[in-house]
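In: Provided below are the primary sequence and the corresponding predicted coordinates.
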Amino acid sequence: MKTAVGTAKTYTWALIFSDFKEITKARLALSVVFSSIAGYFLGADQIEVTSLLLLAFGGYCMVGASNAYNQVIEKDLDALMSRTRNRPVPAGRMTTSTALTIAIIMTLLGVITLYILNPKTAMFGAISIFMYTSVYTPLKTKSPLAVFVGALPGAIPFMLGWVAATNDFGIEPGTLFMIQFFWQFPHFWALAWMLDEDYKKAGFKMLPTGNKDKGTAVQIIMYTVWMIIISVIPVFGITGKLSLSIPGGILVFLLGMVMLVFAFRLFEKRDNASARKLMLASVSYITLMQLVYVADKFI
């Protein structure tokens, strides 16, 4: 039988772990690690478990650090929004100094770990943290261009895996970067559409027109089309060692078309339910597309 003290300690450790997951946005960080590993498989001639573990750990640290810095900077704004007011810092469960310490430690661990892989990987990881915290985060209350800026560090993970495997940056990781870059616009704008009222409480300007209107929906459609085009370009053999078979290209194209259908539905209905379906479709797309690319290489 557990004592009251033992139960309290268990609860305390559970809460600390829960807050750590929240401050680092564990689900988002793991999705980024997944993208990086997919990129590694595409670039590697030979899979090395040690390199994969270093990439996964370093990638998690870099994303976790970015999210922790973000929550330190936006703690007062987070307190204004329903979806973020219960985060560790605005809720008072974690001090600002503790959150900042976590961010700094994770930055150092991330850079060192990725440097062990190779210097280029560490450089791109450091660039992603800098852009996310120093440019994207403060720009969110100033201009909808914040989404464009945020898409730059957000597009790094897929290509980071290739760079980790090859210590080289060329057309192949550049193509992976562009796929994830264009994907982020329909994904994030669908999310911003759903959360528009909450974002406005904090003064965030996330939608391209500032409103949930046809103009925003049209831009979502346009970026989805560009995403589809970039995603199938490797079929034509013009992206160096990054290739995609015709069956693989057809699968990726069809996945993109499903997402495009949801984008058109948002244009027609312009409601939160349609935005949510598009957001979920975009998450499915990025995951399945990366799996198709990897499977296409090895099968």
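Out: In hand now; what should we look at?
In: where do the strands sit along this structure?
Out: For the chain, strands defined by DSSP state E do not occur.
In: Break it down into its structural domains.
Out: If you go by automatic domain parsing, the domain ranges for the chain are 1-158, 170-299.
In: ranking the ones you listed by mean pLDDT, which is last?
Out: Between these, the one with the least mean pLDDT is domain 1-158; it has a mean of 89.
In: That domain: how far from the chain's middle?
Out: 10 Å (CA atoms, centre = their mean, to the nearest Å).
In: re the thing from before, how about JSON lines for the domains of the chain, with distance to A164 and mean neighbour count added?
Out: (C-beta placed from N, C-alpha, C; glycine too.) Shown next, in JSON lines, are the domains of the chain (distance: least, CB to CB, whole Å; neighbours: other CB atoms under 10 Å):
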{"stretch": "domain 1-158", "distance to A164": "5", "mean neighbour count": "18"}
{"stretch": "domain 170-299", "distance to A164": "10", "mean neighbour count": "19"}
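In: And the helices in this protein, which stretches?
Out: With DSSP state H as the criterion, the chain has helices at 4-24, 26-43, 49-73, 75-78, 96-117, 119-131, 137-139, 145-154, 156-166, 171-194, 196-201, 214-232, 246-269, 272-298.
In: Could you check the angle the fifth one makes with helix 119-131?
Out: It refers to helix 96-117. Angle of helix 96-117 versus helix 119-131, following axes from the mean of the first three to the mean of the last three CA atoms, to 10 degrees, is 160 degrees.
In: who's in contact with helix 96-117?
Out: When contacts are defined by CB atoms under 8 Å, 6 or more residues apart in numbering, helix 96-117 is touched by residues 20, 23-24, 51, 54-55, 57-62, 64-65, 68-69, 71-72, 75, 88-89, 121-122, 125-126, 129, 164.
In: show me what contacts the residue lying closest to P119 once chain neighbours are set aside?
Out: Sequence neighbours aside, N167 is the residue nearest to P119 in space, at 7.8 Å (criterion: CB to CB, 6 or more residues apart in numbering). For N167, the contact set (CB under 8 Å, 6+ apart) comprises 118-121.
In: Return the distance of stretch 187-196 from the chain's centre.
Out: Using CA atoms, centre = their mean, the offset of stretch 187-196 from its chain centre is 14 Å.
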